[in-house]
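Chemist: Pasting the sequence and the predicted coordinates here, then a few questions.
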Amino acid sequence: QPLPGWPTATQPAVSAPPTGRPPGPMPPSSGYRPPFAPHGPFAPHRPHPPGAAPQVKAPKPAKPPKPPRERSSLGAATFSLIFVALGAVAVLHLSNVISVSASAYFAAALATIGLGLLVGAWFGRARWLIALGLVAAAALGTVTLVESYTRVRNFDGNVTWTPTSHELLAQRYENNFGDAVLDLTQVSFTDRETRVTAVVTFGNLTVIVPPNVDVTAIAEIKAGDAGIFGTRWSGVNGPSRQVTDLGADGAGGGKLRLNLHVNAGNLEVIR
């Protein structure tokens, strides 16, 4: 006979009340717990379903190479024009049409380079002209600075130059329009050899020298009259002439060499 409380064949066993938790091992109450990430970084790699190809991004098409730039002829053309400009200045200098100094050559070269760069802003390429222009600008500034200490210029009107010492005497005097007088009587030329150039484009030029200095004057007058220590001549496009005068005391008293040019007008050298 079965004991009291034991199930019999006709009486089902009493099951535990449901707890709402799937059967399985109970998680530990403390310590390490596995992360809950069914599709996270711990999920195993799932292969693509059969018949579905993986999506691969198509590579970007490579950019076609840029075509090589054609070589510009602007630089060579500008460089050739520089020599043309220098030649034009040299022709004006040799023809004595106008008075040309050394700075005029650099100015002509710089102007030509500037024109080439201006054209290059729209047509052609010649960046190396920038470096050439900087060199020409530096040379022009240097030559102009030197000329400012060795030349006195007066563009228009009547002028009288009266240096009071040999240190204040310039190497070149110029006047474009008007009469000019170069008074050298206050300059001491003793034991010195001095060269002075005087140019007048349109007008009269008079040079007054000290009584005892030995003077050699090389004079050129294109149209007009010339008188140097009593030697006179006139004409048009005549050759240059050289006149030497040692003064009343003869040789001694220093040497002065005058280079005189008058394009149209009269020239006079007196003591």
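Modeler: Happy to help now that I have it. On a predicted model such as this, the values are computed, not experimentally measured, just so you know.
Chemist: who does the helix or strand V269 falls within touch, helix- and strand-wise?
Modeler: If you go by DSSP states H and E, V269 is part of strand 267-270. The elements that strand 267-270 packs onto, with contact taken as 3 or more C-beta pairs under 8 Å, 6 or more residues apart in numbering; DSSP states H and E, are strand 205-208, strand 214-228, strand 255-264. Where C-beta positions appear, they are placed from N, C-alpha and C, glycine not excepted.
Chemist: Find the nearest non-adjacent residue to T190, please.
Modeler: Of all residues beyond its chain neighbours, the one nearest T190 is G254 (4.8 Å), with distances taken as C-beta to C-beta, 6 or more residues apart in numbering.
Chemist: so who does that neighbour touch?
Modeler: Contacts here follow C-beta atoms under 8 Å, 6 or more residues apart in numbering; on that basis G254 touches S188, F189, T190, D191, R192, E193, T194, N212, V213, D214.
Chemist: next one: V200
Modeler: The contact partners of V200, by C-beta under 8 Å, 6+ apart, come to E174, N175, N176, D179, A180, H261, V262, N263, G265.
Chemist: buried sites along the strand or helix carrying S103?
Modeler: In this structure, S103 sits in helix 102-120 according to DSSP H and E. Neighbour counts using 16 or more other C-beta atoms under 10 Å place 103-110, 112-113, 116-117, 120 of helix 102-120 among the buried residues.
Chemist: now do stretch 85-92
Modeler: Buried residues in stretch 85-92, counting neighbours by 16+ other C-beta under 10 Å, are found at A85, L86, V89.
Chemist: thinking again about what came up before, let me know the average pLDDT across the strand holding V269.
Modeler: Taken as a whole, strand 267-270 has an average pLDDT of 94.
Chemist: Ok, stretch 222-233 next?
Modeler: Averaging pLDDT along stretch 222-233 gives 90.
Chemist: Could you do stretch 157-164 as well?
Modeler: The model assigns stretch 157-164 a mean pLDDT of 90.
Chemist: Equivalent analysis for stretch 173-190, please.
Modeler: For stretch 173-190, the mean per-residue pLDDT is 91.
Chemist: Ok, stretch 241-259 next?
Modeler: Per-residue confidence for stretch 241-259 averages out to 89 on the pLDDT scale.
Chemist: what distance separates it from the middle of the whole chain?
Modeler: 46 Å (C-alpha atoms, centre = their mean, to the nearest Å).
Chemist: Ok, stretch 103-110 next?
Modeler: Averaging C-alpha coordinates over stretch 103-110 and over its chain gives two centres that are 13 Å apart (C-alpha atoms, centre = their mean).
Chemist: Could you write out the alpha-carbon coordinates of it in PDB?
Modeler: What follows is stretch 103-110, C-alpha atoms only, in PDB (Å, rounded to 0.1, in the frame of the first residue of the first chain):
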ATOM      1  CA  SER A 103      69.800 104.500 -67.500                       C
ATOM      2  CA  ALA A 104      67.800 104.900 -70.700                       C
ATOM      3  CA  TYR A 105      69.000 101.400 -71.900                       C
ATOM      4  CA  PHE A 106      67.800  99.700 -68.700                       C
ATOM      5  CA  ALA A 107      64.500 101.700 -68.800                       C
ATOM      6  CA  ALA A 108      63.900 100.500 -72.400                       C
ATOM      7  CA  ALA A 109      64.600  96.900 -71.400                       C
ATOM      8  CA  LEU A 110      62.300  97.100 -68.300                       C
END
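Chemist: Perfect, that will be all.
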